[in-house]
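**Student:** only geometry, no sequence info:
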């Protein structure tokens, strides 16, 4: 809802004085309510907090998506040396790779594991997981 202030052309004002302004009535016949300054400041603060939270969520989502799409393996895992894994019944190359590197793209790691240990895994086999 908007409130408009208009100048009353009928009212006479002395020279140099400010003209009297009057509040225009809305189309329902009610007078428009002008909020107090502290209410306006509170609304502005709430709007600022909402915008800041939205920007923070947007940055967090973009960072997570970028790390998921562009990281071969996490940096902490890449700094350590090769890891060995004893194959258990039901293990696959993909499940072993995901177990040791829970985030990021594991396709390059799976390719290296298949090249070094083959596609068929036997329980008890020791597989080297190279980051």
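**Tutor:** Everything's here; your move. Only a predicted model underlies this, so the values are computations on that prediction, with no experimental measurement involved.

**Student:** Enumerate the positions of the longest helix belonging to the chain that are buried.
**Tutor:** In the chain, taking DSSP state H as the definition, the longest helix is helix 37-70. Neighbour-count burial for helix 37-70, counted by 16 or more other Cβ atoms under 10 Å, picks out no residue. To be clear about C-beta, it is placed using only N, CA and C from the backbone, and glycine gets the same treatment.

**Student:** quick one: secondary structure of residue 15?
**Tutor:** coil (DSSP: H, G, I helix; E, B strand; the rest coil).

**Student:** Can you report how many residues lie near it?
**Tutor:** A count of neighbours around residue 15, defined by other Cβ atoms under 10 Å, yields 4.

**Student:** can you check residue 124 too?
**Tutor:** 9.

**Student:** If we ignore the residues flanking it in sequence, what's nearest residue 109?
**Tutor:** Using Cβ to Cβ, 6 or more residues apart in numbering and skipping residues adjacent in sequence, the residue nearest residue 109 is residue 97, 4.8 Å away.

**Student:** wait, residue 83
**Tutor:** residue 129 (4.3 Å).

**Student:** so who does that neighbour touch?
**Tutor:** 82, 83, 84, 85, 96, 97, 100, 109, 113 (Cβ atoms under 8 Å, 6 or more residues apart in numbering).

**Student:** Select only the buried ones of these in PyMOL?
**Tutor:** Restricted to buried positions by 16+ other Cβ under 10 Å, the PyMOL selection for the contacts of residue 129 reads:
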select buried, resi 85+96+97+109+113
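
**Student:** Among the contacts of residue 129, which are located in strands?
**Tutor:** 83, 84, 85 (DSSP state E).

**Student:** just those now: which is nearest residue 62?
**Tutor:** residue 83 (30.5 Å; Cβ to Cβ).

**Student:** Perfect, I'm done here.
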